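Asker: sharing a model prediction with you, sequence too.
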Amino acid sequence: MPFELASKPTVNIVDIGCGYGGLLYNMSPILDSESLALGMEIRDKVSVFVSDKIKTLRVNSGHKEV
């Protein structure tokens with residue numbers, strides 16, 4: 001059964017050209033659980049690196065790997 005949200009998610013923060021995501025990583029502890037942040041980066045190598053970093057952070061925090 002696919003994951004379903006109670007309502008459509010709303011992006012509260014957008015970081016365009018986020019690079020390695022430092023701003024979003026540093027803001028995450030102060031955001032409430034309802035906040036959704038989105039970072040956009042066009043460089044492929046940077047995107048792959050950050051994707052791997054996010055997966056590692058999720059696993060280390062107890063979440064399932066996506």
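Answerer: Ah, there it is.
Asker: how is residue 55 assigned, secondary-structure-wise?
Answerer: Secondary structure state of residue 55, per DSSP: H, G, I helix; E, B strand; the rest coil, is helix.
Asker: brain fart, residue 59
Answerer: Taken by three-state DSSP, the conformation at residue 59 corresponds to helix.
Asker: ok, residue 50 next?
Answerer: Going by three-state DSSP: residue 50 is helix.
Asker: dump the residue contacts of it.
Answerer: Counting by CB atoms under 8 Å, 6 or more residues apart in numbering, residue 50 touches 18, 20-21, 39, 41. In this view, the C-beta of every residue, glycine as well, is placed from N, C-alpha and C.
Asker: any low-confidence regions in this structure?
Answerer: 1-6, 63-66 (pLDDT under 70).
Asker: that one: helices as residue ranges?
Answerer: 22-27, 44-60 (DSSP state H).
Asker: distance from the shortest one to the middle of the chain?
Answerer: Read that as helix 22-27. Mean C-alpha position of helix 22-27 versus that of the full chain (CA atoms, centre = their mean, to the nearest Å) differs by 10 Å.
Asker: and it, what does it pack against?
Answerer: strand 13-16, strand 37-40 (3 or more CB pairs under 8 Å, 6 or more residues apart in numbering; DSSP states H and E).
Asker: ok, back up a step: now the helices of the chain as TSV including distance to residue 13?
Answerer: Listed next are these as TSV, based on distance: least, CB to CB, whole Å:
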stretch	distance to residue 13
helix 22-27	7
helix 44-60	16
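Asker: of the ones you listed, which stretch is the most buried?
Answerer: Sort these by mean neighbour count, taking mean count of other CB atoms under 10 Å, and helix 22-27 sits at the top with a mean of 14.
Asker: which residues sit against it?
Answerer: Contacts to helix 22-27, defined as CB under 8 Å, 6+ apart, come from residues 13, 15, 18, 37, 39.
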